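Trainee: I would like the atomic coordinates for the input below:
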Amino acid sequence: MSLYFTNDFPDTIYVALVFGLRTPPSYTWWKAGWYKVDNGQTVQVINGPLDPDVSQFIFVNAQTADDSTYWAGPLQVEVTDNAFHQRFSDNTGDTRTVGFREIDTNGFANFTLTFVGNRQWALRQHDARRSGLSAADISGNSGTVAWSAELAGGVAGLAVGEDGTIYAAGVGILNAVDPDGTLRWSLALNDIEGLAWPVAIGADSTLYVGTGDTLLAVSPDGTQRWTIALSLAAAADLAIGPDGTIYAMTQANNVGGTDFAGTLQAIDPDGTLKWSFDYTTNGESATTPAVADDGTVYFGGGYAAYAVNPDGTLRWTAPLSNAACSPAVGSDGTICFPTGAGGIHGSLCTFKPDGSPKWVFAGTSGGNDYQSPAIDADGNIFYSGANNPYTDPSSNPLVTVGLDASGALLWNWDMGGANPVLGADGTICLWTLDDRLGPHFW
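Mentor: Residues are numbered from 1 along each chain as shown. Alright, predicted model coming up:
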């Protein structure tokens, strides 16, 4: 077997590899890295032959020099920062643990793995960590309207595929729109009632849509692959873990008159239920989950933050003043929870991956809840107040703030709105309904 890495990402990447060599009657596992692959370059990393039973599966981790973009998975392996080629038992020097993603080479004699980066917008807030950080440079965007399209069923939220196709779910329908605004196809969700949650796109371009108490998987051509009944009605956006697991947050309202009860359900890409994690909140609904690179799932449930292991067991929980919106996870593993009513309004509470508190930024939004934050490659955090668009901003002002990785205020702007998102060039995009301007997108 010959194995090649091709870099179709704009920046240089560094790739680590785990593979097996057979020494009968046992297997010897090796890890090697970092292979430097420049943009447009193809490098050969294995020149066979290897036993097909062993070489069919390889595991890779790849990242850019500044760690702003990476390809990871759930297999946790110790590696060194310098170039290495060693057996698992031969670790020397300082090490760190990174996640490796499994790749099935299908036993091909020659296999090329192409890294294309995350040019798509696969989930709300871009990725599983809800970073809000795009790989697209939008510095040249003039901000003028290129086109508009009216879609049947309305729009619950958008996702964008690697080829630029825009997917929009609405009431009883899923629409696919070409990059020029032309409707490509529509799929009627015949027996499913209610507004669908925004589409989530898997690594193989499968579309996942949650609506009512049903989760659907749809091919990029609009063909329905499978459905699975959820335990309760879907209550938040879907999430997808690094191993392809789909996470659906379901919820029943007003259990016992005061609490909300629900279930975080994990579903395999083939539509099989893996596990369920039950939770009860304290009079508030749960947030959309975020998934870290090691597969840990984070969400807020009323007055608590939850961390759930990839196998569905509870890792930790911590008190919050109230989880206002979905958390975001930084590239260093910091978990950022915006908090709202019931505590310090517009605050941001951060935790380390082990659940210990990191820092709290006390908001000054005058009673506004804050939306999901965005986190750039340096760990800077941007978040914004979301107010009723018909209230008087002079009595209940909207605010957008920028914080550094330590929680120190970088700047604030007296204009707020929905979840901010970031271009790779540092541009901050913010949609606002501030009465002083009317609807604007910055």
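Trainee: pretty sure Ala377 is in a helix, no?
Mentor: No: when classified by DSSP: H, G, I helix; E, B strand; the rest coil, Ala377 is found to be coil rather than part of a helix.
Trainee: now stretch 402-410: average pLDDT?
Mentor: Taken as a whole, stretch 402-410 carries a mean pLDDT of 89.
Trainee: now do the end-to-end distance for it.
Mentor: Stretch 402-410 has an end-to-end distance of 5 Å (Cα to Cα, to the nearest Å).
Trainee: then stretch 160-174?
Mentor: Looking at stretch 160-174, the gap from its leading to its trailing residue is 13 Å under the measure Cα to Cα.
Trainee: tell me the mean pLDDT over that stretch?
Mentor: When pLDDT is averaged along stretch 160-174, the result is 84.
Trainee: surely Val79 is in contact with Val98?
Mentor: Yes: using Cβ atoms under 8 Å, Val79 is in contact with Val98, at 5.8 Å. C-beta: built from backbone N, CA, C; applies to glycine.
Trainee: quick check: neighbours shared by the two?
Mentor: Each of 16, 61 lies in contact with both Val79 and Val98 under the rule Cβ atoms under 8 Å, 6 or more residues apart in numbering.
Trainee: show the average pLDDT along stretch 274-286.
Mentor: The pLDDT scores in stretch 274-286 average 80.
Trainee: for that stretch, buried residues please.
Mentor: Of all the residues in stretch 274-286, those buried under the rule 16 or more other Cβ atoms under 10 Å are 275, 277, 279, 281, 284-286.
Trainee: is Leu123 in a bridge, and if so with what?
Mentor: His126 (DSSP bridges).
Trainee: from Trp226, how far off is Gly271?
Mentor: When distance is defined by Cβ to Cβ, to the nearest Å, Gly271 is 4 Å away from Trp226.
Trainee: wait, Phe57
Mentor: Separation of Phe57 from Trp226 (Cβ to Cβ) stands at 25 Å.
Trainee: residue closest to the middle of this protein?
Mentor: Using Cα atoms, centre = their mean, the residue of the chain that lies closest to the mean C-alpha position is Ala128, 1.4 Å off.
Trainee: pLDDT value on the residue lying closest to it once chain neighbours are set aside, please?
Mentor: Closest residue in space to Ala128, ignoring its immediate chain neighbours: Val291 at 4.0 Å, by Cβ to Cβ, 6 or more residues apart in numbering. According to the per-residue confidence, Val291 scores 94 in pLDDT.
Trainee: return the residues in contact with Tyr4.
Mentor: With contacts taken as Cβ under 8 Å, 6+ apart, Tyr4 has the following neighbours: 42-45, 110-113.
Trainee: mind listing what whichever helix or strand it is part of pairs with, with the direction of each?
Mentor: Using DSSP states H and E, Tyr4 sits in strand 2-7. Each strand paired with strand 2-7, and its direction, by DSSP bridges: strand 42-47 (antiparallel), strand 110-115 (parallel).
Trainee: to Gly140, which of the ones you listed lies closest?
Mentor: Distances from Gly140 to each of the strands paired with strand 2-7 were compared using Cβ to Cβ; the minimum, 24.4 Å, belongs to strand 110-115.
Trainee: buried residues in the closest one?
Mentor: When burial is assessed from 16+ other Cβ under 10 Å, strand 110-115 yields the following buried residues: 111, 113, 115.
Trainee: how much space between the last one and Leu422?
Mentor: In this case it means Phe115. Computed with Cβ to Cβ, the distance linking Phe115 and Leu422 is 21 Å.
Trainee: how is the chain carved up into domains?
Mentor: Per automatic domain parsing, the structural domains of the chain span 2-115, 320-442.
Trainee: which one of these has the lowest average pLDDT?
Mentor: domain 320-442 (a mean of 73).
Trainee: OK, contacts around Phe57?
Mentor: Phe57 makes contact with 20, 102-105, according to Cβ under 8 Å, 6+ apart.
Trainee: scan those and report the most crowded one.
Mentor: Each of those was scored for neighbours by other Cβ atoms under 10 Å, and Thr105 scores highest at 20 neighbours.
Trainee: including distance to Ala122, could the strands paired with strand 2-7 go into JSON lines?
Mentor: As requested, the strands paired with strand 2-7 are arranged in JSON lines below (distance: least, Cβ to Cβ, whole Å):
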{"stretch": "strand 42-47", "distance to Ala122": "26"}
{"stretch": "strand 110-115", "distance to Ala122": "16"}
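Trainee: those: which one's closest to Thr250?
Mentor: Within the strands paired with strand 2-7, the stretch nearest Thr250 is strand 110-115; the backing value is 34.8 Å (Cβ to Cβ).
Trainee: and the helix or strand just after that closest one, what does it pack onto?
Mentor: Next helix or strand after strand 110-115 toward the C-terminus (DSSP H and E): strand 158-160. Strand 158-160 makes packing contacts with strand 166-170 when contacts are defined by 3 or more Cβ pairs under 8 Å, 6 or more residues apart in numbering; DSSP states H and E.
Trainee: circling back: in strands, which of the contacts of Phe57 fall?
Mentor: Members of the contacts of Phe57 lying in strands (criterion: DSSP state E): 20, 102-104.
Trainee: what's the spacing between the strand holding Tyr4 and its chain's center?
Mentor: On the basis of Cα atoms, centre = their mean, to the nearest Å, strand 2-7 sits 26 Å off its chain's mean C-alpha point.
Trainee: likewise stretch 351-367?
Mentor: 20 Å.
Trainee: same question for stretch 206-219.
Mentor: Averaged over its C-alpha atoms, stretch 206-219 has a centre that lies 17 Å from its chain's centre (Cα atoms, centre = their mean).
Trainee: need the contact partners of it.
Mentor: Applying Cβ under 8 Å, 6+ apart, the set of residues contacting stretch 206-219 is 159, 167, 169, 174, 187, 189, 192-197, 199-202, 220, 224-234, 237-238, 240, 246, 248, 250, 267, 269, 271.
Trainee: for that stretch, give the mean pLDDT please.
Mentor: The model assigns stretch 206-219 a mean pLDDT of 87.
Trainee: so for it, what gets flagged as buried?
Mentor: By neighbour count, with 16+ other Cβ under 10 Å as the criterion, the buried positions of stretch 206-219 are 206-218.
Trainee: in CSV, list the residues you listed along with distance to Gly379 and secondary structure.
Mentor: Below are those laid out as CSV (distance: Cβ to Cβ, whole Å; DSSP: H, G, I helix; E, B strand; the rest coil):
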residue, distance to Gly379, secondary structure
Thr206, 32, coil
Leu207, 32, strand
Tyr208, 30, strand
Val209, 33, strand
Gly210, 31, strand
Thr211, 35, strand
Gly212, 38, coil
Asp213, 38, coil
Thr214, 38, strand
Leu215, 33, strand
Leu216, 36, strand
Ala217, 35, strand
Val218, 36, strand
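Trainee: now, which of those sits nearest Ala362?
Mentor: The nearest member of those to Ala362, counting by Cβ to Cβ, is Gly210 at 34.5 Å.
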